[in-house]
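Asker: Here is the input, now give the coordinates:
(2 chains)
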2 protein chains.
Amino acid sequence: MNYFEPLTRFVDLTNGTIPGAHVVQRRYLEDLRGLFADTAAEAALLDENPLLYEVHEAAVIPKEDGHLLFSTTVVRPGTVGEEYFMTKGHYHARADRSELYYCLAGEGLLLMQTPEGRVDAQPMRAGAACYVPPYWGHRSINTGNEDLVFLAVYPADAGYDYGTIAEGGFAQIVVAGAEGPRLVPNPRYLGSGARD
Amino acid sequence: MNYFEPLTRFVDLTNGTIPGAHVVQRRYLEDLRGLFADTAAEAALLDENPLLYEVHEAAVIPKEDGHLLFSTTVVRPGTVGEEYFMTKGHYHARADRSELYYCLAGEGLLLMQTPEGRVDAQPMRAGAACYVPPYWGHRSINTGNEDLVFLAVYPADAGYDYGTIAEGGFAQIVVAGAEGPRLVPNPRYLGSGARD
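Answerer: Coordinates of the predicted model:
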């Protein structure tokens, strides 16, 4: 029998990167155009087009049932208007697949949502292991002043459904308030049926 | 639809425990009786019966396809004769299930083995993400002077097969040498067919 070989990747604990990562995805504001609630602030910041986050995919592993994929994500600190920098967010293409986030540094929220628009937010800080159960869309949000860094582990056959979030959004957004981050309704939320 | 609810557990970064863990398994030398190569040293140490490791199972999550389980393991430093303290080691009952170890503290080796007895060892230290592919039995070994602490993430339907290791052992063991840990053949290895 041909066995897939064991491997190790070392996370650089000074910055959350994975030296030797086979893919590094960098997402700039332009890549998230239309996802922030304050359209004027988003438009104004597009000239600068800041880097919002990067994903370091650890290794080439078969995208098959039984395998796991893992990566680190580094979300930069900052806001678009009052809304914190965040990841695009996605459901899994195989919606019954879950994910585990282990936070390495920074402060943030793991925003989750059912297809019906019920929202949950879990706290992220070093040592937090946040469980994204099957069927929940998920997005990470940097509510602090430093990089938010986490390790993600998920079934290799989970896949990505970015379209539902890109077109319908999350029902709530996270904005900076006088007393810290708070969740408010998303004025651009269209629901998971936005594509229908 | 009834969705399983998101949850977060906070790893205590001072000692690797998970406050609020729903199960803490403690394994003493007696629980690993017969697994160490130096039978005289093992017998002599059984009076003291030291704690070898503890596993903090994070949360009650359905043991079903699509879900993930996660836990921390703390392996104490020490030796039985020249052989380092280690976990029992197991295959998955669903042998095609993999596992991801993320090391939080300490120094060690993740020893793996195919059912045919081919051995692999991956280095564990803070920041190391070690991938246990499907079909590989796995055991963690503390080769340092401090606790070896790691987070484990694995498919919730993986299950455990401890019997194959308990009865056949690993083909190699890790012993303390003048120049550090080294792998040597296990004199008690009987192979994965030991139960047949």
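Asker: all strands of chain A, in order?
Answerer: A:7-10, A:23-28, A:51-57, A:68-75, A:79-80, A:83-84, A:99-105, A:107-113, A:119-125, A:128-132, A:137-142, A:148-155, A:172-177, A:180-185 (DSSP state E).
Asker: what's the closest non-adjacent residue to A:Ala156?
Answerer: In space, and not counting its chain neighbours, A:Ala156 is closest to A:His67: 3.6 Å by Cβ to Cβ, 6 or more residues apart in numbering or on different chains. All C-beta atoms are positioned from the backbone trio N, CA, C, and that covers glycine.
Asker: so who does that neighbour touch?
Answerer: Neighbouring residues of A:His67 by Cβ atoms under 8 Å, 6 or more residues apart in numbering or on different chains: A:4, A:61, A:155-157, B:98, B:133-134.
Asker: now do 7 Å
Answerer: Listed by Cβ atoms under 7 Å, 6 or more residues apart in numbering or on different chains, the contact set of A:His67 reads A:61, A:156, B:98, B:134.
Asker: If you drop the residues flanking it in sequence, what lies closest to the first one?
Answerer: This points to A:Ile61. In space, A:Ile61 is closest to A:His67, 5.3 Å off (Cβ to Cβ, 6+ apart).
Asker: thinking again about what came up before, most surrounded residue in the contacts of A:His67?
Answerer: Highest neighbour count within the contacts of A:His67: B:Ser98, with 27 neighbours (other Cβ atoms under 10 Å in any protein chain shown).
Asker: picking up where we left off before, tell me, what's the model's pLDDT at the residue nearest to A:Ile61?
Answerer: A:His67 is assigned a predicted lDDT (pLDDT) of 98.
Asker: got a pLDDT number for A:Ala166?
Answerer: Looking at A:Ala166, its pLDDT stands at 89.
Asker: cool, A:Leu190 as well?
Answerer: 87.
Asker: Check whether it really touches A:Phe170, as I assumed.
Answerer: No. If you go by Cβ atoms under 7 Å, A:Leu190 and A:Phe170 don't touch, sitting 10.5 Å apart.
Asker: Look at these two and report which has more neighbours.
Answerer: Remark: of A:Leu190 and A:Phe170, A:Phe170 carries more neighbours, 24 against 13, as counted by other Cβ under 10 Å.
Asker: which parts of the worst-scoring helix or strand of chain A on mean pLDDT are buried?
Answerer: Least confident helix or strand of chain A, by mean pLDDT, DSSP states H and E, is helix A:163-168 with a mean of 90. Neighbour-count burial for helix A:163-168 flags A:164-166, A:168 (criterion: 16 or more other Cβ atoms under 10 Å in any protein chain shown).
Asker: try stretch A:53-63
Answerer: Applying 16+ other Cβ under 10 Å to stretch A:53-63 flags A:53-59, A:61 as buried.
Asker: go on, stretch A:33-49?
Answerer: A:35-38, A:42, A:45.
Asker: just stretch A:119-137 next, same as before
Answerer: A:119-122, A:124-125, A:127-137.
Asker: Also near chain B: which of the residues you listed, exactly?
Answerer: Contacts with chain B within these, counted by Cβ under 7 Å from any Cβ of the partner chain: A:120, A:122, A:127-136.
Asker: So which of the residues you listed is the closest to A:Leu104?
Answerer: Of all those, A:Gly127 has the smallest distance to A:Leu104: 8.7 Å, by Cβ to Cβ.
Asker: these two touch, right, that closest one and B:Phe10?
Answerer: Yes. Using Cβ under 7 Å, A:Gly127 is in contact with B:Phe10, at 5.3 Å.
Asker: List the contacts of stretch A:179-196.
Answerer: A:37, A:84, A:109, A:115, A:117, A:121, A:143, A:163-164, A:167-175.
Asker: Bridged to A:Tyr53, which residues?
Answerer: Beta-bridge partners for A:Tyr53, by DSSP bridges, are A:Arg27, A:Val75.
Asker: Give me the distance between it and A:Val80.
Answerer: For A:Tyr53, the distance to A:Val80 equals 13 Å [Cβ to Cβ, to the nearest Å].
Asker: Turn the buried residues of helix A:163-168 into TSV, including distance to chain B.
Answerer: Compiled in TSV, the buried residues of helix A:163-168 are given as follows (distance: Cβ to the nearest Cβ, whole Å):
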residue	distance to chain B
A:Thr164	16
A:Ile165	16
A:Ala166	22
A:Gly168	17
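Asker: Could you provide those residues in TSV, with additional columns for distance to A:Lys88?
Answerer: Formatted as TSV, these follow (distance: Cβ to Cβ, whole Å):
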residue	distance to A:Lys88
A:Thr164	11
A:Ile165	6
A:Ala166	7
A:Gly168	13
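Asker: which among the buried residues of stretch A:53-63 gets closest to B:Thr17?
Answerer: Relative to B:Thr17, and with distances defined as Cβ to Cβ, the nearest of these is A:Ala58, at 26.4 Å.
Asker: May I ask you to confirm that the closest one is in contact with A:Arg9?
Answerer: Yes. If you go by Cβ under 7 Å, A:Ala58 and A:Arg9 touch, sitting 4.4 Å apart.
Asker: what touches both of those two?
Answerer: Here A:Ala58 and A:Arg9 have A:18, B:129 as joint contacts, going by Cβ under 7 Å, 6+ apart.
Asker: separation between the closest residue to A:Asp157 other than its chain neighbours and A:Leu100?
Answerer: In space, A:Asp157 comes closest to A:Asp65 once its chain neighbours are excluded; the distance is 4.9 Å by Cβ to Cβ, 6+ apart. For A:Asp65, the distance to A:Leu100 equals 17 Å [Cβ to Cβ].
Asker: Of the two, give the one with the bigger neighbour count.
Answerer: More crowded of A:Asp65 and A:Leu100, by other Cβ under 10 Å: A:Leu100, with 24 against 15.
Asker: who's in contact with that one?
Answerer: By Cβ under 7 Å, 6+ apart, the residues touching A:Leu100 are A:129, A:131, A:153, B:68, B:70, B:153.
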